[in-house]
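Colleague: all I have is the shape, not the residue letters:
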């Protein structure tokens, strides 16, 4: 744990760190709750419609060092309460769908469940980022049952198609994971932006064919 605090200027004391670890475990449980719900929805689709809207899912927890660095960078106190009140992407799930319509179907089926509450929503498909990035981002809260009773936990979910995910992975590598010449980053960034528009047209065309076949 000590190594995970490297680079943190105002480190939390041991009591606060213990509370943060408990919070972290709670968020992991919330992530599992949402993952199970999504898996059940996908299985139900397979039984009822002989079709799986979800291609695959990826779960991730923000590392403790990254979490504390983000809180410090944004000027929050390094306390459990401050982090719970201000940071919503501690637990995350990326849902990769086959088609664009699947994105909104998965979202609706999830948030319509009585114990799931939508907290935040950003639709980067209808309103892409300047870079061309497309995805649906939502934050939901779900109760996690503990010995003392249920506790609502937020989970961030990114829902995108296989094509959107392929594009986003390459764009992220270009901008954040390489030491490429800035001129090349700009050059390929512009090219990727054009590809994003082409990819959307292709995906909508393929979705149309899919609808005709079912």
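Modeller: Good, I have the coordinates. The shown structure was predicted, so the numbers you read here are calculated from the model rather than taken from an experiment.
Colleague: could you use CA atoms for every contact and neighbour count after this?
Modeller: Fine.
Colleague: per-residue confidence for the nearest residue to residue 61 once chain neighbours are set aside?
Modeller: Excluding the flanking residues, the one nearest residue 61 by CA to CA, 6 or more residues apart in numbering is residue 91, at 4.8 Å. Predicted confidence (pLDDT) at residue 91: the value is 97.
Colleague: how near is residue 91 to residue 52?
Modeller: 24 Å (CA to CA, to the nearest Å).
Colleague: neighbour count: these two, which is higher?
Modeller: Using other CA atoms under 10 Å as the criterion, residue 91 and residue 52 rank with residue 91 on top: 25 against 17.
Colleague: and the worst-scoring helix or strand of the chain on mean pLDDT, what's buried?
Modeller: Least confident helix or strand, the chain: helix 64-73 with a mean of 88, by mean pLDDT, DSSP states H and E. Going by neighbour count (16 or more other CA atoms under 10 Å), the buried part of helix 64-73 is 64, 65, 67, 68, 69, 70, 71, 72.
Colleague: now the phi/psi pair for residue 134, please.
Modeller: phi -130, psi 130 (degrees, to the nearest 10).
Colleague: ok, now which ones touch it?
Modeller: By CA atoms under 8 Å, 6 or more residues apart in numbering, the contact list for residue 134 reads 124, 125, 127, 128, 160, 164, 168.
Colleague: neighbour-wise, which one of the residues you listed leads?
Modeller: Busiest of those [other CA under 10 Å] is residue 160, holding 27 neighbours.
Colleague: after the helix or strand hosting that residue, next one along is what?
Modeller: If you go by DSSP states H and E, residue 160 is part of strand 149-161. Proceeding N to C from strand 149-161, the next assigned helix or strand is helix 162-176, under DSSP H and E.
Colleague: what is the most widely separated pair among the contacts of residue 134?
Modeller: Across the contacts of residue 134, the longest distance by CA to CA is 15.3 Å; it joins 127 and 168.
Colleague: thinking again about what came up before, tell me the gap between the least confident helix or strand of the chain and the middle of its chain.
Modeller: Centroid displacement of helix 64-73 relative to its chain, using CA atoms, centre = their mean, to the nearest Å, is 18 Å.
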